[in-house]
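Student: Next one to model:
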Amino acid sequence: MTRRILLSVVCAVCVYSGRMALGSPGSEVISEPAAERHGLTRAWFTQIQVDPTRGRLGEWILDQGTLFILSDQSVLTAVDAATGATRWSSEVGTRGYPVLTPAANRKLVAMTNGSTLYVLNRYNGKLLWKTKLDGAPGAGPALSQQRVYVPLLDGRLVAYRLTPVKSNLPESTGSEPLTPEQRAAQEIARLDSLRLEQDVPPPLFAQVPGRGLIQPVVTRENESEENVVWATDQGYLCAGRIDRNEQRALELRYRLRTEAPIVAQPCYLPPDANVLPDSGLIVAGSEDGFVYGIRERSGDQLWRFSTGEPIVEDPVVLGRFVFVTNQLGGMYCVDARTGSQAWWSPEVTRFLAASKERVYATDKIGLLHVLSARTGSHLDTIAASMVPIKLTNPESDRLFLASTTGMVECLHEPQMVDSLVRKTPAKEVETSSKVAGSKAAAKKEASEEGESKPAHTAGSGASGGGGGSKLSSPRTKKAGAGDFAGGGAGIPKKKKAKGGVEAGGAVPGAVPGAPPPAGKKKKRAS
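Tutor: Numbers count the residues shown, from 1 in each chain. From the prediction side, this is the model:
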């Protein structure tokens, strides 16, 4: 009996020690000693408000330094991504109703609860506006500076106009200019007191075949227009546009049809001197196994790359490179300009984050894989089953991990004290009044698009909200499994440098917050 009791005590101590080695408290985080063994340090960990008996952590996003975390009991929490401090927590809608991934911009947060759309103040969580949707949402919303877009299961993308109420806060009338601290305090007060008009105009919409099951992506915004991209389960990648001077219709500019459903959110790269200086690039993955690089301005296909298996996770673009995984496992690093493969790494199924030299990814059983950003070679594996919820972070180098019960932690490399920010906030565009010459600029841009766009076959479909548009499908060149299109029209092939890196191009991994200046070659680290 004594020996049996002693053996039980020894086993309990071993189990407890093992749990504490992996994480604490309750093995729901990776502990600091465990992180240090893998070249990481823990910046912070925190507990999110979740009902331990019924609730679970559901969807979350990172936007401009803030984590917006939504539980399945419809509690939305804003957490400072740098410190882990909770900024606010708010119960939105009805507990138990389905909730989908939220969206955020500089001032607002939007989410759906059941078939109701809610818009909150980003800075304090106060409810600003809500409406009953005319149908069931198929995915979470997207926010531009002026509108919130919601994809519905009947194939419509609906756009609601959000108009701020003019602030009643007095303007500074002092003779002396405000200090930076005073201006910051004044701006915080204005944002904190933000209100929205409750009587909004009828929503605009576009109808396309299939159901929208992923969040739309807002691409270009300026004084005269805003553009949005979304996809459906019938394999359509669609691009819409709203003229901010007319605001009569959500026009369907073009669409591309793939051979299988699109269930991964497309990503967008703004005009870049190293990729496309005159147009943004839309990158979309399909269950047909292909990644498509599309010119955002004209809808022409720049390149197509085959992974050989269905793509169900969102592709991520960092600088000049696209990281994409397929369903069976394997990550491809693809040159965003040419569509050619830089490297491939097996096993991993989802991109998580990247520093200057390392790429972090996860596999089907929840292990964290550390890869070389330069070559894709495997460097390390970290046990992380206690934190099954992992955030895909294209904005910085931070790793955000969470348990289902709401324990959230942030890891990073010790030398990266300051976050490596890759995505700068979009510049706010003044749209309260018509800008002189904006219509002429819009017409000029439209004519340029028409000149660069080849003849296409018109498809069927309709645009709602007071207008219609002609649909088109860019011509695509079929590629067999395992093949990829290396380069677009007019792009010369480049010679290979030593180590398999293209001469004159930024190597994978050397992707800081800003791209290298146009026309300058990036030197390889010795």
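
Student: Assumed Lys166 was part of a strand.
Tutor: No: counting by DSSP: H, G, I helix; E, B strand; the rest coil, Lys166 is not found in a strand; it is coil.

Student: State the distance from it to Gly58.
Tutor: 36 Å (C-beta to C-beta, to the nearest Å). From N, CA and C alone the C-beta is placed, and that goes for glycine too.

Student: between these two, which one's more packed in?
Tutor: Gly58 (19 against 9; other C-beta atoms under 10 Å).

Student: Which helix or strand contains that one?
Tutor: strand 57-63 (DSSP states H and E).

Student: who's in contact with that strand?
Tutor: 48, 50, 67-72, 81, 99-105, 140, 389, 391, 393, 395-396, 400, 402-406, 408 (C-beta atoms under 8 Å, 6 or more residues apart in numbering).

Student: now do 6 Å
Tutor: With contacts defined as C-beta atoms under 6 Å, 6 or more residues apart in numbering, strand 57-63 is touched by 50, 68-72, 101, 104, 389, 393, 395, 402, 404, 406.

Student: how about a markdown table for those, with secondary structure, distance to Gln301 and neighbour count added?
Tutor: Converted to a markdown table, the contacts of strand 57-63 look like this (DSSP: H, G, I helix; E, B strand; the rest coil; distance: C-beta to C-beta, whole Å; neighbours: other C-beta atoms under 10 Å):
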| residue | secondary structure | distance to Gln301 | neighbour count |
| --- | --- | --- | --- |
| Val50 | coil | 44 | 23 |
| Phe68 | strand | 34 | 23 |
| Ile69 | strand | 37 | 29 |
| Leu70 | strand | 35 | 24 |
| Ser71 | strand | 40 | 25 |
| Asp72 | coil | 39 | 19 |
| Thr101 | coil | 28 | 19 |
| Ala104 | strand | 31 | 20 |
| Ile389 | strand | 35 | 19 |
| Asn393 | coil | 28 | 23 |
| Glu395 | coil | 28 | 21 |
| Ala402 | strand | 38 | 24 |
| Thr404 | coil | 40 | 16 |
| Gly406 | coil | 43 | 22 |
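
Student: and of those residues, the nearest to Ser355?
Tutor: Asn393 (11.0 Å; C-beta to C-beta).

Student: Apart from its neighbours in sequence, what residue is nearest that closest one?
Tutor: Ala353 (4.4 Å; C-beta to C-beta, 6 or more residues apart in numbering).

Student: How about Ser167?
Tutor: Among residues not flanking Ser167 along the chain, Arg190 sits closest, at 5.5 Å (C-beta to C-beta, 6+ apart).

Student: Same check on Arg220?
Tutor: Nearest residue to Arg220, sequence neighbours excluded (C-beta to C-beta, 6+ apart): Asn227, at 4.4 Å.

Student: pretty sure that neighbour is in a strand, no?
Tutor: Yes: Asn227: assigned to a strand according to three-state DSSP.

Student: how about the helices in the stretch 151-300 of the chain?
Tutor: 180-192 (DSSP state H, counting those that start in this stretch).

Student: any chance you could map the strands in it?
Tutor: Per DSSP state E, counting those that start in this stretch, the stretch 151-300 of the chain carries strands over the ranges 156-161, 204-207, 217-221, 225-231, 236-243, 251-257, 267-269, 281-285, 290-295.
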